[in-house]
Each structure stands twice: as structure tokens, then as C-alpha cells.
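Asks: No sequence on hand, only this structure:
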């Protein structure tokens, strides 16, 4: 595993990048477990969402302050962050009331929301492959969700859980369409 590249010593090598992607994937996969455990221990969903994002926001706040002259894209980023936070509160709340497997599968529909928001808000007309992929995602979610495992009183929680992929899809679009003018740390 190379840590540096002779052409670009400031870049990490592919081995370290692969390890970072694997570690991030494991961490992302453990999110429902930790969220459900914390809510079972009495922590409020909004507190879980706050602490998930608070550390990064505090650490990176000085870079945002230095770029305050670019307030329009920063405002877009703040709105997207709030949307993702509110969505995450809905996700954690849904984990309290519905099966983790179902809520997790619904969360993984975020590419469909990303595609729809890109089309409706930013005018990116989806191509055939993107539409086919979205249909496959919805189909896979339907196959992976056991309807007999869901009770009628859990349906509001499942609808609430869709706030997370909606917020995430909005955040992805804002990052792609509005935040490219900002320095990556901002």
C-alpha cells in the first residue's frame, strides 16, 4: 500500500483510499445499529442527529467564516445541511417504531430522490439508464421489504423515514449544483 504518489506527494495512494472506503462503508452500515441502540437507551432522535453532525460543523466552521463573502452557496449548503439533519431525525424516529431492515432499505432509495430532485429543481433531465436504475432501486426495495413484517401502525414511521433519503438527495444535488464554487473544506 502506497501512502504517497511520486507524481503527487500530497495525494493518498489507492491502497489507503480503498481502506478508507471500506472503513466508511462499515461505519455507514453500522449507523442503524447505533441509532437504534441510542434511542433504546433513551436518547432523543434530534439529539442523535445533532451529535452526528455537530463535531464536523464545529471543526469546519472557521473555514466557512473565512469564505463568508461567498454567502449564496454557503446559504445553499446550510439549507441542505438542515434538510439532511431533519431527514435524519425522521430516520432515527422511524428506527424506534419500525424494523431496522425496512427503514434501512427505504433509506437506500436516496438515489431515486436524488434523480427526482435533480430533474425537478435543477432541470437535469434523467436519461434512460438513470430511470432504469431508479426503477431497479424501487423494485429491489419492494422485494427486500417483507410486507408481512410491517403492521399498519408502523406505516406512518415508514413514511417519516423517507425524509432521510429526501434530505440526502437534496444535499447531493446542492453539493453538485451549488457548492462547486467553494473550497472543499467549506
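Replies: Okay, I see it. Predicted model only: the values in this text are computed from it and were never measured. Numbering: from 1, shown residues only.
Asks: Spatially central residue in the chain, please.
Replies: In the chain, the C-alpha nearest the mean C-alpha coordinate belongs to residue 168, at 4.1 Å (Cα atoms, centre = their mean).
Asks: That one and residue 19, how far apart?
Replies: Plainly put, residue 168 is 24 Å away from residue 19 if you go by Cβ to Cβ, to the nearest Å. From N, CA and C alone the C-beta is placed, and that goes for glycine too.
Asks: Pop the domain breakdown of the protein in here.
Replies: The chain breaks down by automatic domain parsing into domains covering 1-43, 44-177.
Asks: quick one: low-confidence ranges for the chain?
Replies: Along the chain, the parts satisfying pLDDT under 70 run over 1-12.
Asks: Who are the contact partners of residue 32?
Replies: With contacts defined as Cβ atoms under 8 Å, 6 or more residues apart in numbering, the neighbours of residue 32 are 95, 100, 103, 104.
Asks: The first one reaches residue 34, doesn't it?
Replies: No. At 10.0 Å, residue 95 and residue 34 do not qualify as touching, with contact defined as Cβ atoms under 8 Å.
Asks: Which residue of the two possesses the greater neighbour count?
Replies: Set side by side, residue 95 and residue 34 show unequal neighbour counts under other Cβ atoms under 10 Å, the larger going to residue 95 at 28 against 13.
Asks: which one is that one nearest to, not counting chain neighbours?
Replies: residue 36 (4.8 Å; Cβ to Cβ, 6 or more residues apart in numbering).
Asks: Check which residues of the helix or strand containing the one you found are buried.
Replies: Here residue 36, judged by DSSP states H and E, is contained in helix 14-40. Residues 31, 32, 35, 36, 38, 39 are the ones in helix 14-40 that count as buried (16 or more other Cβ atoms under 10 Å).
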